[in-house]
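Peer 1: Sequence and predicted model, in that order:
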Amino acid sequence: MKKPGPKPKKLCIRGHNKDITGRNKAGRCNECCNEYSREYWRKHYIPHPLPSTQFCPNGHDTFIVGRYGGHTCKICAIGNVLKSEAKNPEKAAKRKHKAYLKNRIACLKKQKIYDQEHPDIVKLCKLRQDKKRKLRIPKWGQEGINEFYRDCPKNKEVDHIIPLCGKKVSGLHVYWNLQYLTPKKNKQKNNNVDLKKVSKAYGKLLKKLGLK
């Protein structure tokens, strides 16, 4: 036979009668648990009053610029984000792509509104791109391009290894400058090029043709 254990105490540490307030499964006073949850909610969820300081450590007027919930200056916070993105460009590209996918409809609406309000700028941009692209289509190297586009597999797009309108280097619209990429990778790549990889690939191609 097991000995009967000690009877649970009626009064808790704070003096509440557990028979009146009730107990939870662990035998704790319900009133004490409710008080703890109220204190926690006040500390973490109720907004704190705005600080009296007008200027942040970097000298920005927070009354004009604005503050975030932790009373940090908005300009300083954006500057910290830009610094971290400059150190890790791959993470920044992934974050921007996720944000675009979440707010894709809103982004497209803004783009349409901008195109309607600024038709002259849109026309100029298109003209510049068309001129640059036409200059990048030579008479040679066009054999097999139509077949390459026809044989493009599903869920993939035709991409130029060296972009036609690149920032540092611009490529040509020829058969050996084409590749298949998924839409996601194609957007991430944009007009950027890894020149080391491209130089190795073109070196192998020149060896096959007997030009190197």
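Peer 2: Now that the structure is in, tell me what you want to look at. From a predicted model like this one, the values you see are computed outputs, not experimental measurements.
Peer 1: CA only for contacts and neighbour counts going forward, please
Peer 2: Fine.
Peer 1: Sketch out the low-pLDDT regions of this structure for me.
Peer 2: For the chain, the stretches with pLDDT under 70 are 1-9, 40-53, 70, 127, 211-212.
Peer 1: and it, what are its domains?
Peer 2: For the chain, the structural domains run 10-46, 140-209, going by automatic domain parsing.
Peer 1: Figure out which of the ones you listed is closest to residue 86.
Peer 2: Comparing those against residue 86 with CA to CA, the closest turns out to be domain 140-209 (15.3 Å).
Peer 1: quick check: longest helix of the protein.
Peer 2: helix 119-135 (DSSP state H).
Peer 1: tell me what it is packed against?
Peer 2: Using 3 or more CA pairs under 8 Å, 6 or more residues apart in numbering; DSSP states H and E as the contact test, no helix or strand touches helix 119-135.
Peer 1: Please tabulate the domains of the chain in JSON lines, including the columns distance to residue 56 and mean neighbour count.
Peer 2: Shown next, in JSON lines, are the domains of the chain (distance: least, CA to CA, whole Å; neighbours: other CA atoms under 10 Å):
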{"stretch": "domain 10-46", "distance to residue 56": "23", "mean neighbour count": "12"}
{"stretch": "domain 140-209", "distance to residue 56": "36", "mean neighbour count": "14"}
